[in-house]
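1. The sequence and its predicted three-dimensional model are supplied below.
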Amino acid sequence: MGDFLTAVTSRAEKDGDGPLTAVRTVKSKQASDVAKDKIIPSSKLDRIDVTTPQEALRVLRSQPDTTVLLATLRKLSSTSFSDFHLVAPGPLQAQIVNSIVSDIVPAFWPTFDRNERLLVTRCLRNTTGINGLLARLGTSSGSSGIQKGKARPQHAYTIEVISQVLDGHSLVRGLLQDLHNAVPERTRHDVALKELATLLGSGKVISIIAQAEDAAQTSIGGSAGLNSWLARGSSYATWLGSNIASLFHQAHDNSGETYEQLMRYGGQLLAKSLTLGYASALAKGLVSEAVPQGEKTLGNILPHVPRYAKKQLLEHILRWLSELCPTGHPHLQAKDDVPELAALIATLVRSGHASPTQHLREICSHPMLVLSLSHPVRRACVAVVAGVDSEELQSLLESLMGTFSNRVFIDHSPTLQQDSIAQMLLLTAGYLHRASPMTALMVARSTGHMQGTSNRLNASNQRARWLGMVVATAISGLVDREGSRMNFGIDEVKTDEALWYLSLVTVEDHEGELSAFEAIRARQEKAIKVTRKAYHNETKALPMRNGKPVYGPPRPPTPVQTEVIGEKVAELLDEMSDDEDDDLRPYGKPDSDPEDSDEDATLVNRNKPRPPVYIRDLMSMIRDNKTPDRFQLGMKHAASLIRRKANFGKEVKNHAEEIMGLLCNLQDPFDTEQFEELKLQAMIAVLLSDVEVMGPWLSTHAFAEGYSIAQRCIILSAVGLGGRELAGLKGEDELNPVLRHAERPSKRPAAQQLHATSAGMKMFEIASKKIEDDLMQPLALQAADHTTAHLNAVKVRTFSSRMNVERTKRKPAPNQLARVFARSFFLPLTNRYQHEVAAYGSRSVFASAPVVLTTFLRTLALLVHASGTATPDLQSLTAELWDLLLSLRVQAAGDISILEAVLFATLTVLEVNTAHQLSETARQIIEMQQWVQIVFDRAGGGDMVTEGNAEEAKIRTLAAGVLVKIGDWVAEQEKALFRG
């Protein structure tokens, strides 16, 4: 059809002033002819000299050879063209970048050497180039491409290119300097800066690279095994923080105006980057790069950050410092890291602010923010406030004292928040007394402090009362004389913990040298790498023969025999008769060995592994990822060996943390049968070998970074089941290797079903189900008695039947869990949960993954039920658990599995505590009753559930059990009230 249709254009031509006009018909060129004009023939490519960017574009589109391409790339990457820069955004730059990304990279990148690849990355190291690479990845790995599995193998090349383009700690600084030189117009320059900030400060790079990696791995013939640092959010945020820090360093080639523009843009980019979701990694890269460059670089950061982001940035830096220098033993003084931390914080807040410690004071007086800080960082913050602006000490102390004395804060806040506020209050009071004793005396005599002490002493929570007594005693020791100091005269204020709190008023820290902070960071990161290093044991690969591994020493070469050696073979005639052999019985045929059926004896493994005898041998076997027999044999004998060695010497205790860390990170490289169960049994055995040490260690590591959802669930399961075994509950519901199939609800999320189907979660579910049955069975029997009350006359139980029950009843095992439950299990779990929620909020895995929160709540319920009524200080633990359960009502309304776990934990708390103990938390019980009543009404009325669903029926049953328990308690309280 194109041959028959031709575009025609008519043009009029005047010929003088005559009345006639000449008309000329011109035939238009087709699109293919235009393309031929733009594309240079290959015969002319060798003779062309690129002098304009338009010619460079035509060369790139003409399939050039390597020599011409490299010459063109050299001119594009340099300033050979006047008034043209690839850094400046424009249509011609976009076409050149598109040609390089679409045509040059897939064809030439695998064949280029290091220097030639450097030319390509230099041409793409600009905003247009980065956007072009991301657009290439996003287009070819979109949702349709992922579903069809047609991601191209060129993804690997593009990802490698963009990784090299963005590599380096001064990339952003170079881009800004090139933009400043290439784009003199102010409007275009500002637009380009905003585009660059949006590109780097958002999650666009991370999401596109991660999506492209998934597409490449799932595609047929794609490049599997991609693992770019750009797809890891923490690594990208650390890189971005390092680049932002380089903007605040004044180089010799920067003028004052250029340096000020770089710092202003660095502050805007830093505020934009705080929304990435990896604030701790961003702070790590920022501070780690700025500290070696000196105090001026670090001090220029906060003044150039927008006002709305100053406090947020300072808060994230303090949280990262808390991760770097965590809280050690609660009753021991911190290490000598506080002066260096104080120097770092003081350098940040001292420069360029009218009230330098205003944001620091707000952070130190906020209960949720103080909770996320470690004890060394708290000490450093108070030391900075006292050293930089001592007038802020009084305001900080009054704010802390108002929060600490607030009745609502006393009754409703978690214990860990109250502890952190009390520690900050005592530290601040000590500094204020040394700076101005009269001001400290006035604050101590104020109405707020007196009323706060009274509120504390009248609190129902024992821990709140104890904190009030300790704080009042410490402040009285500061401002009062020897004979008139406050003394409660009880043993609770003379314990080691109380003496540590009282000593906080004497703590005095000073600013150290900022240069010493780098040594602290290197030391702490080295310790973290040692504790979290991958457990891999590199073993030498076995030689292969006929597709099978060859065991044993290498065979010597077979010599070639050319002649007969020795005497010739002679035939020996058997002179014995056959009759003499009749009384001989032949041996039985031995059992067949599959390995002996192989024709080549060298392929048979004669060096079979033996079961481990020592803990070191066990650790070596389960680290082996090359030999399946050693790994599986080690896993099979791990639990039994650890239990056998636990009470024999100190071999297990000396390696307990190492082997537990190995088990927590352990993966199954050989598809071992019942791997999860064997792993769980080994973790329980290590936990029981030293409960006072491994209980807090394992409870804390359930909240550590780097663990997957399945690993956190298995850790929590080990804590719960190990605690029940410690309490003497060793029935088949926990530790019997023959597992029953636990019934799973049908409407659970897919991820939850995936993790819950493991052997460890089955054991955990069985234990929870048994406790639920034990709790609900008496209530069901009681309801049946009320229903059949008219048959009470025939309900007879003989005396002999009661004797038979008593005779067959087993004597319970001693409950060793009650003694260590609070300090080894409950407090580490609840404190770290509160710290996790305070630090990460809705971004925490305990808030975003319902299966982890459900396992956490069921673990607490199992431990509380196993510890029982013999638990010391059960009332304060119950109050803490009530506050935790009441805080989860909103999350429970959005997920039925969390709702079930909350109701199960509530029923457990009501079962363990007596009526007198529950009366101490009457307000929380009535509040819980009102909420459970709403849940029960909605479950029955159809607002929440549909009839016939097993999940909702279970929710209704648990809610009914809770209401019956609370109703019985209310009835007993009313009877006691009318009697009294």
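-> Right, received. Where do you want to start? Numbering: from 1, shown residues only.

2. Distance of Met619 relative to Gly634?
-> Met619 sits at a distance of 8 Å from Gly634 (criterion: Cβ to Cβ, to the nearest Å). For glycine as for every other residue, the C-beta is placed from the backbone atoms N, C-alpha and C.

3. More neighbours: those two, which one.
-> For Met619 versus Gly634, the count of surrounding residues by other Cβ atoms under 10 Å is larger for Gly634: 24 against 20.

4. pretty sure that one is in contact with Ile622, am I right?
-> Yes. Applying Cβ atoms under 8 Å as the test, Gly634 and Ile622 come out as touching, 4.4 Å apart.

5. got the CA positions of stretch 860-880 in CSV?
-> Extracted C-alpha coordinates of stretch 860-880, given in CSV (Å, rounded to 0.1, in the frame of the first residue of the first chain):
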residue,chain,number,x,y,z
LEU,A,860,3.6,-14.8,77.5
ALA,A,861,0.3,-16.6,78.3
LEU,A,862,2.1,-20.0,78.3
LEU,A,863,4.8,-18.7,80.7
VAL,A,864,2.3,-17.0,83.0
HIS,A,865,0.2,-20.1,83.2
ALA,A,866,3.2,-22.4,83.8
SER,A,867,4.6,-20.1,86.5
GLY,A,868,1.3,-20.1,88.3
THR,A,869,0.3,-18.6,91.6
ALA,A,870,3.7,-19.2,93.2
THR,A,871,5.3,-16.4,91.2
PRO,A,872,7.0,-13.8,93.3
ASP,A,873,5.6,-10.3,92.8
LEU,A,874,2.7,-11.6,90.7
GLN,A,875,0.6,-8.6,91.3
SER,A,876,3.0,-6.1,89.6
LEU,A,877,3.6,-8.5,86.7
THR,A,878,-0.2,-8.9,86.3
ALA,A,879,-0.6,-5.1,86.2
GLU,A,880,2.1,-4.9,83.6
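
6. Please compute how far it lies from its chain's middle.
-> How far stretch 860-880 lies from its chain's middle: 29 Å, per Cα atoms, centre = their mean, to the nearest Å.

7. pLDDT averaged over that stretch, what's the number?
-> Stretch 860-880 carries an average pLDDT of 87.

8. Buried ones in that stretch, by neighbour count?
-> 860-868, 871, 874-880 (16 or more other Cβ atoms under 10 Å).

9. And for stretch 612-626?
-> For stretch 612-626, using 16+ other Cβ under 10 Å, the buried residues are 612, 615, 617-619, 621-625.

10. now for those residues, which pair is the farthest apart?
-> Within these, Ile615 and Asn625 form the most distant pair, 19.3 Å apart (Cβ to Cβ).

11. helix/strand/coil for the spatially most central residue of the chain?
-> Taking Cα atoms, centre = their mean, the centroid of the chain lies closest to Glu705, which sits 3.7 Å from it. When classified by DSSP: H, G, I helix; E, B strand; the rest coil, Glu705 comes out as coil.

12. So what does it have for phi and psi?
-> With angles defined as degrees, to the nearest 10, Glu705 sits at phi -80, psi 160.

13. how close does it get to Glu836?
-> 10 Å.

14. Over to Thr957?
-> Separation of Thr957 from Glu836 (Cβ to Cβ): 31 Å.

15. what does Thr139 give?
-> Separation of Thr139 from Glu836 (Cβ to Cβ) stands at 39 Å.

16. Tell me how far Gln973 lies from Ala922.
-> 8 Å.

17. Looking at those two, which has the bigger crowd around it?
-> Ranked by neighbour count (other Cβ under 10 Å), Gln973 and Ala922 place Gln973 first, with 16 against 13.

18. what about the closest residue to that one other than its chain neighbours, neighbour count?
-> Of all residues not flanking Gln973 in the chain, Ser919 sits nearest, at 6.6 Å (Cβ to Cβ, 6 or more residues apart in numbering). Applying other Cβ under 10 Å, we find 16 other residues in the vicinity of Ser919.

19. Now Ser919, what are its backbone angles?
-> As for Ser919, its main-chain torsions (degrees, to the nearest 10) stand at phi -70, psi -20.

20. my guess is it meets Glu974, correct?
-> No. Proximity of Ser919 to Glu974 does not meet the contact threshold set by Cβ under 8 Å, at 12.0 Å.

21. confidence score at Leu688?
-> On the pLDDT scale, Leu688 is placed at 91.

22. now it: how far from Met694?
-> Distance from Leu688 to Met694, by Cβ to Cβ: 8 Å.

23. Tell me which of these two has more neighbours.
-> Met694 (23 against 19).

24. Which residue, neighbours along the chain excluded, lies closest to the more buried one?
-> The shortest distance from Met694 to any non-neighbouring residue, by Cβ to Cβ, 6+ apart, is to Leu687 (5.0 Å).

25. by contact count, what packs against the helix or strand containing that neighbour?
-> In the assignment (DSSP states H and E), Leu687 maps to helix 675-689. Under the contact criterion of 3 or more Cβ pairs under 8 Å, 6 or more residues apart in numbering; DSSP states H and E, helix 675-689 touches helix 628-646, helix 651-654, helix 656-664, helix 691-701, helix 709-726, helix 759-787.

26. Mind telling me which of these the model trusts least?
-> The bottom spot among these, by mean pLDDT, belongs to helix 759-787, with a mean of 56.

27. For the stretch 51-200 of the chain, which segments count as helices?
-> Remark: helices assigned in the stretch 51-200 of the chain by DSSP state H, counting those that start in this stretch are 53-60, 66-77, 91-99, 105-108, 114-124, 127-140, 143-148, 154-165, 171-182, 186-201.

28. do you know which of those lies nearest Ile934?
-> Closest among those, using Cβ to Cβ: helix 143-148, at 40.7 Å.

29. average pLDDT for that closest one?
-> Averaging pLDDT along helix 143-148 yields 44.

30. Same question for stretch 467-474.
-> The pLDDT scores in stretch 467-474 average 92.

31. again with stretch 200-215
-> Mean predicted lDDT for stretch 200-215 stands at 85.

32. Work out the gap between stretch 344-359 and the centre of the chain.
-> 31 Å.

33. Now do the end-to-end distance for it.
-> End-to-end distance of stretch 344-359 (Cα to Cα, to the nearest Å): 15 Å.

34. what does that stretch contact?
-> Residues outside stretch 344-359 that contact it (Cβ atoms under 8 Å, 6 or more residues apart in numbering): 287, 291, 295, 298-304, 310-311, 314, 317-318, 321, 360, 380-381, 384-385, 387-389, 392, 511, 514, 517.

35. pLDDT of it, averaged?
-> Averaged across stretch 344-359, pLDDT comes to 78.

36. same question, stretch 118-135
-> Throughout stretch 118-135, pLDDT has a mean value of 89.

37. in it, what counts as buried?
-> By neighbour count on 16+ other Cβ under 10 Å, the buried set for stretch 118-135 is 119-134.

38. Go ahead and name everything in contact with it.
-> By Cβ under 8 Å, 6+ apart, the residues outside stretch 118-135 that reach it are 70, 73-74, 76-77, 86-87, 89, 93-94, 96-98, 100-101, 104-105, 108-109, 112, 158, 161-162, 164-166, 171, 174-175, 178-179, 192, 195-196, 199, 204-205, 208.

39. Could you do stretch 648-668 as well?
-> Contacts to stretch 648-668, defined as Cβ under 8 Å, 6+ apart, come from residues 531-532, 534-535, 614-616, 618-619, 622-623, 642, 645-646, 675, 679, 682-683, 686-687, 689-690, 693-694, 697-698, 701, 707, 711, 715.

40. Please could you give me each C-alpha atom of that stretch, formatted as PDB?
-> Extracted C-alpha coordinates of stretch 648-668, given in PDB (Å, rounded to 0.1, in the frame of the first residue of the first chain):
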ATOM      1  CA  PHE A 648      28.400 -32.400  83.500                       C
ATOM      2  CA  GLY A 649      31.100 -29.800  83.700                       C
ATOM      3  CA  LYS A 650      30.900 -26.300  82.100                       C
ATOM      4  CA  GLU A 651      31.200 -27.300  78.500                       C
ATOM      5  CA  VAL A 652      27.600 -26.300  77.600                       C
ATOM      6  CA  LYS A 653      27.600 -23.200  79.700                       C
ATOM      7  CA  ASN A 654      30.900 -21.900  78.200                       C
ATOM      8  CA  HIS A 655      29.500 -22.200  74.700                       C
ATOM      9  CA  ALA A 656      25.800 -21.600  75.300                       C
ATOM     10  CA  GLU A 657      25.600 -18.200  73.700                       C
ATOM     11  CA  GLU A 658      27.700 -19.300  70.700                       C
ATOM     12  CA  ILE A 659      25.700 -22.400  70.000                       C
ATOM     13  CA  MET A 660      22.400 -20.600  70.600                       C
ATOM     14  CA  GLY A 661      23.400 -17.900  68.100                       C
ATOM     15  CA  LEU A 662      24.300 -20.700  65.700                       C
ATOM     16  CA  LEU A 663      20.900 -22.300  66.100                       C
ATOM     17  CA  CYS A 664      19.000 -19.100  65.700                       C
ATOM     18  CA  ASN A 665      20.600 -18.400  62.400                       C
ATOM     19  CA  LEU A 666      20.700 -22.000  61.200                       C
ATOM     20  CA  GLN A 667      19.200 -22.900  57.900                       C
ATOM     21  CA  ASP A 668      18.500 -26.300  56.400                       C
END
